[in-house]
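>>> Just to be clear, the model below is a prediction. Sequence and coordinates:
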Amino acid sequence: MSAAMLPKALPAASEDAEEIARMQRLFERQRLAFEAAPYPERAARKAGLRRLIDALRRHQDDIVAAVNGDFGVRSGVETRMVEVMGPMLEARHALSHLGRWMKPRRRSTELLFLGNRAWVSHQPKGVVGIIGTWNFPLYLTLGPLVAALAAGNRAMIKVSEFSPRCTLLLRSMLAECFDEDEVAVCGGGVAAAQAFNALPFNHLVFTGSPRVGRQVMRAAAERLTPVTLELGGKSPAIVGPDADLHDAALRIAHGKAFNAGQICVAPDYALVPRGRSATFAAAVAQAFTRLYPTVDGNAQYTSIITEWHAARLRDLLTDAQAKGATLLRCGADAGNGRQMPLTVVTHVDDGMRLMQEEIFGPILPVLEYDRLDDAMALVRRGERPLSLYGLGLSAADQARVLKETHAGGVTFNDWGWHVFQHDLPFGGIGQSGMGSYHGEEGFRELSHAKAVFRRHRFFPVSLFYPPYGTLVQRLALRLFIGAAPAKPPPAN
């Protein structure tokens with residue numbers, strides 16, 4: 001599908017009204033279905049995950065076509081790697097470990113209650129709402145769905161209005177696997193998203209910007225709905241003093257070019273040793289043109305999702321250049337097209353918009369530092385990022401970076417691949433989000449950890465009932481509290 005076939009406008013108000021009424025009906029169906037079957041057994045959960053895997057394999061060509069249509073141009077290999085293989089790997093990981101995750105976890109009792117039993121039982125929360133975003137419309141909805149299904153929940157998914165073809169495909173694909181009282185897909189525009197957010201879910205998972213994340217959290221607070229927020233941010237890449245600049249440039253160029261930088265964990269800016277920014281910028285340009293000899297019309301290089309998003313990126317560059325930055329365009333500029341080559345920006349300062357906003361596109365600001373302490377101080381000065389990357393750092397420096405900076409996740413000697421390890425949690429911290437999913441942490445995030453205590457039939461807990469002051473009570477208090485210290489003599 002060509003860029004000309006992309007939707008010209010967002011869903012109309014009448015379409016939103018229909019979708020809002022539909023999602024309200026779906027929520028009630030799922031709520032009642034969960035009340036009727038509040039604890040799916042392991043076999044049922046595994047069967048659902050296997051159906052999802054089979055559907056992804058069966059519809060992989062359809063997924064490539066739908067994503068390409070929504071973007072205008074999107075590499076089929078990138079789509080298969082992230083949108084198809086990513087959720088499949090996550091679901092397979094859950095299948096392998098679900099039995100262990102579901103087992104009650106024995107806990108110790110206080111010595112005072114020795115002989116009784118205590119454990120934690122993980123219980124499904126109920127109906128989980130999942131709000132995805134357009135940059136990876138399947139991976140960022142099906143990832144949380146895997147966690148929701150593994151935990152025994154029902155789920156409703158809201159897909160971005162910028163991904164209409166993926167919305168239709170997800171709806172039909174998941175309808176082959178699940179009844180709508182198990183898993184349902186919703187579309188619509190802003191009004192539909194707001195109505196979806198207002199539903200009384202038992203948990204809500206949102207992926208998107210911090211600005212919208214605040215709105216989601218505010219609406220969820222009205223119903224005390226717990227939320228998991230994955231919000232992105234300005235993820236730094238620290239290039240070490242002894243790093244191979246060409247290798248580091250290749251890794252960072254790939255991170256900025258993959259999906260045209262429209263990734264929440266893309267390297268947002270690079271920190272390089274003082275005096276080496278020009279050499280590094282040239283190495284990034286060389287690496288990018290090696291990966292993508294041409295940009296305009298290249299079926300392997302992704303378009304910016306809409307003209308509005310592309311115009312915003314061009315405005316960031318115009319603002320930076322007007323304030324003294326130097327721009328190095330890594331390839332032929334297609335003018336006003338949406339396939340934008342990577343641009344490396346040097347002589348950057350904090351007054352430029354590209355250092356104040358998450359870039360979310362193929363623009364790489366480069367800053368210099370004198371000592372690693374200075375680079376870490378700069379990272380700490382900003383909001384806590386979703387990801388942090390260290391390239392060419394010694395083992396001792398890696399340990400320092402881990403201890404002295406905060407980030408949702410870290411990859412050393414490359415970018416982003418910690419997200420693809422589904423035994424690791426994925427989530428942010430501070431401005432970049434809260435909570436996590438993937439792996440066991442995702443199962444626990446979407447389960448209620450129920451504390452359980454069982455008194456042994458003959459345990460004499462009645463010894464602690466009134467009337468108070470018995471010998472046993474006095475001995476227990478003395479044993480577990482101790483005698484009060486003597487009061488100091490009054491001051492003269």
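Cool, the structure landed. Residues are numbered from 1 along each chain as shown.

>>> mind checking which helix or strand residue 63 is in?
In this assignment (DSSP states H and E), residue 63 forms part of helix 60-71.

>>> List the buried residues in that helix.
Along helix 60-71, these residues count as buried under the neighbour rule (16 or more other C-beta atoms under 10 Å): 60, 63, 64, 65, 66, 67, 68, 69, 70, 71. Using the backbone N, CA and C atoms, a C-beta is placed for each residue, glycine as well.

>>> Settle this for me: residue 306 is touching residue 163, isn't it.
No: shown here, residue 306 and residue 163 do not form a contact pair, counting by C-beta atoms under 8 Å, at 11.0 Å.

>>> More neighbours: the two, which one.
Comparing residue 306 with residue 163 by other C-beta atoms under 10 Å, the one with more neighbours is residue 163, at 26 against 18.

>>> what about the nearest residue to that one once chain neighbours are set aside, how many neighbours?
Computed as C-beta to C-beta, 6 or more residues apart in numbering, the closest residue to residue 163 that is not its neighbour in sequence is residue 137, at 4.1 Å. Under the neighbour criterion other C-beta under 10 Å, residue 137 is assigned a count of 27.

>>> I'd assumed residue 137 was in a strand, is it?
No: secondary structure assignment (DSSP: H, G, I helix; E, B strand; the rest coil) places residue 137 in coil, not in a strand.

>>> Show the contacting residues for it.
Under the criterion of C-beta atoms under 8 Å, 6 or more residues apart in numbering, the contact partners of residue 137 comprise 67, 70, 83, 159, 160, 163, 166, 167, 170.

>>> Mind checking which of those are in helices?
Within those, membership in helices is found for 67, 70, 166, 167, 170, as judged by DSSP state H.

>>> and of these, the nearest to residue 289?
Each of the ones in helices among the contacts of residue 137 was scored against residue 289 by C-beta to C-beta, and residue 67 proved nearest at 25.2 Å.

>>> my read: that closest one touches residue 84, true?
No: taking contact to mean C-beta under 8 Å, the distance of 9.8 Å between residue 67 and residue 84 leaves them out of contact.

>>> any residues in contact with both of those two?
Jointly contacting residue 67 and residue 84 under the rule C-beta under 8 Å, 6+ apart are residue 138.

>>> which phi and psi does the residue nearest to residue 75 when sequence neighbours are not counted have?
If the residues on either side of it in the chain are set aside, residue 75 comes closest to residue 300, at 4.6 Å by C-beta to C-beta, 6+ apart. Comment: the main-chain dihedrals of residue 300 come out as phi -100, psi 0, following degrees, to the nearest 10.

>>> same check, this time on the one 5 residues further on
In terms of degrees, to the nearest 10, the main-chain angles of residue 305 are phi -60, psi -40.

>>> Contacts only, for it.
For residue 305, the contact set (C-beta under 8 Å, 6+ apart) comprises 70, 71, 72, 134, 135, 162, 262, 338.

>>> any idea which of these is the one closest to residue 230?
Within the contacts of residue 305, distances to residue 230 taken as C-beta to C-beta reach their minimum at residue 135, with 11.7 Å.

>>> Look up the pLDDT of the closest residue in space to that closest one that isn't next to it in sequence for me, please.
Nearest-residue entry for residue 135: residue 262, 4.5 Å, with adjacent residues in sequence omitted and distances by C-beta to C-beta, 6+ apart. Model confidence at residue 262, given as pLDDT, is 96.

>>> Repeat that for residue 4.
On pLDDT, residue 4 comes in at 32.

>>> now swap in residue 9 and tell me
Reading off the confidence values, residue 9 has pLDDT 43.

>>> What is the distance between the helix or strand where residue 25 lies and the centre of its chain?
Residue 25 is part of helix 13-36 when elements are defined by DSSP H and E. Taking the mean of its C-alpha atoms, helix 13-36 sits 25 Å from the chain's own mean (C-alpha atoms, centre = their mean, to the nearest Å).

>>> after it comes which helix or strand?
Read in the C-terminal direction, the helix or strand following helix 13-36 is helix 42-58, with elements assigned using DSSP H and E.

>>> buried stuff in that following helix?
Neighbour-count burial for helix 42-58, counted by 16+ other C-beta under 10 Å, picks out 45, 46, 48, 49, 51, 52, 53, 55, 56.

>>> give me the number of residues near the nearest residue to the fourth one once chain neighbours are set aside?
Spatially, and ignoring its direct neighbours in sequence, residue 49 is nearest to residue 91 (4.6 Å; C-beta to C-beta, 6+ apart). Residues lying near residue 91 (other C-beta under 10 Å) number 25.

>>> Which of the three states applies to residue 91?
Under the three-state scheme (three-state DSSP), the conformation of residue 91 reads as helix.

>>> correct me, but it touches residue 52?
Yes: taking C-beta under 8 Å as the definition, residue 91 is a contact partner of residue 52 at 5.6 Å.

>>> Tell me the residues that contact both of the two, please.
When contacts are counted by C-beta under 8 Å, 6+ apart, residue 91 and residue 52 have residue 146 as shared neighbours.

>>> what about the residue nearest to residue 135, how many residues close to it?
Counted with other C-beta under 10 Å, the neighbours of residue 262 add up to 23.

>>> Quick check: it vs residue 223, distance?
Distance of residue 262 to residue 223, given as C-beta to C-beta, to the nearest Å: 32 Å.

>>> what's the answer for residue 130, then?
Distance check for residue 130 against residue 223: by C-beta to C-beta, it reads 17 Å.

>>> okay, the two: which has more neighbours?
Here residue 130 and residue 223 are compared on neighbour count by other C-beta under 10 Å; more neighbours surround residue 130, at 29 against 12.

>>> Three-state assignment for that one, please.
Under three-state DSSP, residue 130 falls in the strand class.

>>> Tell me what it is bridged to.
Per DSSP bridges, residues listed as beta-bridge partners of residue 130: residue 157, residue 205.

>>> residue contacts, residue 29?
If you count contacts by C-beta under 8 Å, 6+ apart, residue 29 has them with 180, 181.

>>> excluding its backbone neighbours, what's nearest residue 202?
In space, not counting the residues next to it along the chain, residue 202 is nearest to residue 126; the distance is 3.5 Å by C-beta to C-beta, 6+ apart.
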